[in-house]
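Visitor: Quick one: sequence and predicted model below, then my questions.
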Amino acid sequence: MPAQLQSTSHGQTLVLTIRHPEMSNALDPAIYAAGIEALNGTERSAEVRSVVITGADGTFCAGGNLQRLLARRQEDAESQAQGVEALHHWIETIRAYPKPVIAAVEGAAAGAGFSLALACDLVVAARNATFTMAYSSIALSPDGGASWSLAQAVPRQLASEMLMGGGKVDAERLHALGVVNRLSQAGSALACALELADTLNARAPNALASIKELISEAPQNTLTTQLAQERQHFVRNLQHPNAGEGISAFLEKRAARYQ
């Protein structure tokens, strides 16, 4: 069975499921392309307010297809770089997508699968899930933004341990470090992620888009620059009809109905 990224709707949440059973849901160029297409196609859709990325059959994603990587060693450097760039385009699309993206992790998230989870805005993981930056185990360095994401999320020494040592890290430890937002029982990560998505779906989409953009830009900004960006977003959102609805609903003690 070829690698697939299946798309289903759960209310206002789009669920993208990696399905490649023979390879433990290893990634494939077809998956990158489908992921980019799905996000680009729903970026302006009022029907979709959040996205959940998960894996089929109790495994999130085993990372790269090692058989394909071995074959690609025969290619020239430019062709190899293009293969990596395809993954990176999907990662950048997730980061730039103006709506919340949640990873729902069951089983293993290894290599680029771990990178994919880190690219999401929030991570829900089953208590028995494991995360591995396995690159150094096969004499490779990371891709998919792993070095950037981990350097942002954890102390340098821990990022070095994960990337250089390549050992498994359990969901409980990542939850304690703040990398995983929610822990669920085994088999319930998707349900927990959808519940979290429903909470976000009830909030104003324009405000969430601003928050995601501000968080993304903060690491490279000075405080002065970030304050200017916050001012710009605040005024824009204050002028949006959703602000009138949100403030009125709060004062009237009723649920807001956002556009």
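Guide: Everything's here; your move.

Visitor: what sits against T54?
Guide: V15, L16, T17, I18, F60, A103, A104, V105, E106, A189, L190, A193 (Cβ atoms under 8 Å, 6 or more residues apart in numbering). Using the backbone N, CA and C atoms, a C-beta is placed for each residue, glycine as well.

Visitor: mind listing which of those are in strands?
Guide: Cross-referencing the contacts of T54 against strands under DSSP state E gives V15, L16, T17, I18, A103, A104, V105.

Visitor: follow-up on the earlier one: now flag whichever of the contacts of T54 is closest to A71.
Guide: Using Cβ to Cβ, I18 comes nearest to A71 of the contacts of T54, at 21.0 Å.

Visitor: I figured the closest one hits I31, correct?
Guide: Yes - between I18 and I31 there is a contact under Cβ atoms under 8 Å: 6.2 Å.

Visitor: Quick one: the helices in the stretch 1-150 of the chain, in order.
Guide: Using DSSP state H, counting those that start in this stretch, the helices of the stretch 1-150 of the chain run over 29-42, 66-72, 77-96, 112-119, 146-153.

Visitor: Return the first one as CSV; C-alpha atoms alone will do.
Guide: Listed next in CSV are the C-alpha coordinates belonging to helix 29-42 (Å, rounded to 0.1, in the frame of the first residue of the first chain):
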residue,chain,number,x,y,z
PRO,A,29,7.2,12.9,-0.8
ALA,A,30,3.6,12.1,-1.6
ILE,A,31,2.7,12.8,2.0
TYR,A,32,4.6,16.1,2.0
ALA,A,33,2.7,17.2,-1.1
ALA,A,34,-0.7,16.1,0.2
GLY,A,35,0.0,17.9,3.5
ILE,A,36,0.9,21.2,1.8
GLU,A,37,-2.1,20.9,-0.5
ALA,A,38,-4.5,20.3,2.4
LEU,A,39,-3.2,23.3,4.4
ASN,A,40,-3.1,25.7,1.5
GLY,A,41,-6.6,24.6,0.5
THR,A,42,-8.1,25.3,3.9
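
Visitor: how much does it deviate in direction from helix 77-96?
Guide: In terms of direction (axes from the mean of the first three to the mean of the last three Cα atoms, to 10 degrees), helix 29-42 departs from helix 77-96 by 30 degrees.

Visitor: and helix 29-42, what other elements does it pack with?
Guide: Contacting helix 29-42 under the criterion 3 or more Cβ pairs under 8 Å, 6 or more residues apart in numbering; DSSP states H and E are the following elements: strand 4-10, strand 13-19, strand 50-55, helix 77-96.
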